[in-house]
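Asker: missing the sequence, but the structure's below:
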């Protein structure tokens with residue numbers, strides 16, 4: 001009896017009798033679990049490693065290479081064209097150029113923080129994944145969510161990218177997976193129809209911004225690009241990221257991005273998003289505060305990602321190159337490399 005009492009005081013294990021009963025109780029559960037069907041191989045090369053078995057016993061499926069021609073039906077259903085990134089992701093941008101948003105006395109350009117976007121990815125079992133980040137006003141939010149749910153498109157995150165913005169704007173992460181991408185595209189289009197999202201428009205053709213972009217690139221260790229007047233530096237996680245049994249293409253739902261909006265005289269408003277795993281979070285938050293950044297939101301974007309990813313949105317205004325140097329330690333605290 002004394003030996004049994006000593007065993008049960010250890011919180012990590014129970015008594016021998018308790019362990020036997022627990023194991024017996026689990027037998028019918030595992031016996032009833034069906035064996036997953038094998039994935040059907042798709043024609044063409046894969047964009048990732050060969051299929052392997054996940055820790056939970058299901059086979060991992062990988063993305064396949066696609067071209068714009070493969071997505072014509074999806075583009076038609078969405079009513080918008082897009083481009084294929086990294087030979088796998090059909091990406092559609094939907095910037096909210098209709099909104100006049102002000103945060104901390106800065107007029108926020110759509111490419112800085114108001115750029116709705118979604119991506120479709122095809123897999124070796126012929127299924128398709130949708131992931132997206134959508135900007136809606138608070139007035140549009142509930143109807144937008146209801147329409148998503150009517151079309152079986154999941155909401156996986158709801159959060160802010162900006163502090164004290166006018167009007168009140170929210171960011172919604174969407175997710176769908178199945179064998180009917182055109183139906184998903186129609187559902188997403190129906191949700192957008194209840195918002196003020198404008199029709200497609202060409203971006204400003206200028207390829208220069210009023211910033212020392214070379215200095216920013218040296219400070220961050222990454223060359224950025226110009227998107228509609230905003231200088232963007234993007235980083236991707238080094239690890240293989242999975243969502244359920246799907247291997248995500250590099251950069252899909254796992255990027256850190258620093259966006260610089262010129263304010264004149266070398267100054268910029270920076271709206272940024274840093275992607276982290278759990279043991280990186282506190283290091284990053286401390287580094288951001290030391291750099292003078294204002295923290296906006298700490299949250300997840302997905303529900304079944306592995307490793308589990310966390311994201312922090314932050315905002316800071318000042319000399320662009322000096323801030324890039326100050327923010328570099330936050331990036332160095334994470335396992336990322338420059339995108340592209």
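Answerer: Thanks, I have it. Since this is a predicted model, take the numbers as computed values, not measurements. Residues are numbered from 1 along each chain as shown.
Asker: and residue 114, what is it in contact with?
Answerer: Residues counted as contacts of residue 114 (C-beta atoms under 8 Å, 6 or more residues apart in numbering) are 95, 96, 97, 99, 101, 108, 135, 169. Glycine gets a C-beta too; all of them are placed from N, C-alpha and C.
Asker: And the pLDDT for the nearest residue to it once chain neighbours are set aside?
Answerer: Leaving aside its chain neighbours, residue 114 sits nearest to residue 96 (4.3 Å; criterion: C-beta to C-beta, 6 or more residues apart in numbering). Confidence at residue 96, expressed as pLDDT, is 96.
Asker: Please render the contacts of residue 114 as a markdown table that adds distance to residue 188 to the earlier fields.
Answerer: Output for these, formatted as a markdown table (distance: C-beta to C-beta, whole Å):
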| residue | distance to residue 188 |
| --- | --- |
| 95 | 16 |
| 96 | 15 |
| 97 | 19 |
| 99 | 19 |
| 101 | 23 |
| 108 | 24 |
| 135 | 14 |
| 169 | 19 |
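Asker: Return the member of those residues nearest to residue 333.
Answerer: Nearest to residue 333 out of the contacts of residue 114 is residue 108 (C-beta to C-beta; 27.0 Å).
Asker: what's the burial count for that closest one?
Answerer: By other C-beta atoms under 10 Å, the residues close to residue 108 number 23.
Asker: again with residue 199
Answerer: The burial count for residue 199: 8, using other C-beta under 10 Å.
Asker: Can you tell me the SS state at it?
Answerer: Using DSSP: H, G, I helix; E, B strand; the rest coil, the structure places residue 199 in coil.
Asker: Now do the same contact list for it.
Answerer: The neighbours of residue 199, taking C-beta under 8 Å, 6+ apart as the test, are residue 80.
Asker: Kindly list the main-chain dihedrals of it?
Answerer: With angles defined as degrees, to the nearest 10, residue 199 sits at phi -70, psi 170.
Asker: What segments of this protein are helices?
Answerer: Remark: helices assigned in the chain by DSSP state H are 2-8, 16-31, 72-78, 110-113, 138-150, 181-193, 213-220, 281-290, 320-332.
Asker: What helices and strands are in contact with the last one?
Answerer: I take that to be helix 320-332. With contacts defined as 3 or more C-beta pairs under 8 Å, 6 or more residues apart in numbering; DSSP states H and E, helix 320-332 has these neighbours: helix 213-220, strand 255-264, strand 267-276, helix 281-290.
Asker: Buried residues in it, which are they?
Answerer: Neighbour-count burial for helix 320-332, with 16 or more other C-beta atoms under 10 Å as criterion, is recorded at 320, 321, 323, 324, 325, 326, 327, 328, 330, 331.
Asker: what about that helix, average pLDDT?
Answerer: 98.
Asker: ok, and what's touching that helix?
Answerer: Contacts for helix 320-332 (C-beta under 8 Å, 6+ apart): 211-212, 215-216, 219-221, 235, 256, 258, 260, 262, 266-268, 270, 272, 274, 284, 287-288, 290-293, 316.
Asker: hmm, which of those residues are the buried ones?
Answerer: Buried members of the contacts of helix 320-332, scored by 16+ other C-beta under 10 Å, are 211-212, 215-216, 219-220, 235, 256, 258, 260, 262, 267-268, 270, 272, 274, 284, 287-288, 291, 293, 316.
Asker: and the closest residue to residue 79 other than its chain neighbours, what is it in contact with?
Answerer: Spatial nearest neighbour of residue 79, chain neighbours left out: residue 189 (5.7 Å); criterion: C-beta to C-beta, 6+ apart. Residues in contact with residue 189, defined by C-beta under 8 Å, 6+ apart, are 77, 78, 79.
Asker: Switch the residues you listed over to CSV; also include distance to residue 340 and neighbour count.
Answerer: Shown next, in CSV, are the contacts of residue 189 (distance: C-beta to C-beta, whole Å; neighbours: other C-beta atoms under 10 Å):
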residue, distance to residue 340, neighbour count
77, 29, 18
78, 25, 22
79, 29, 14
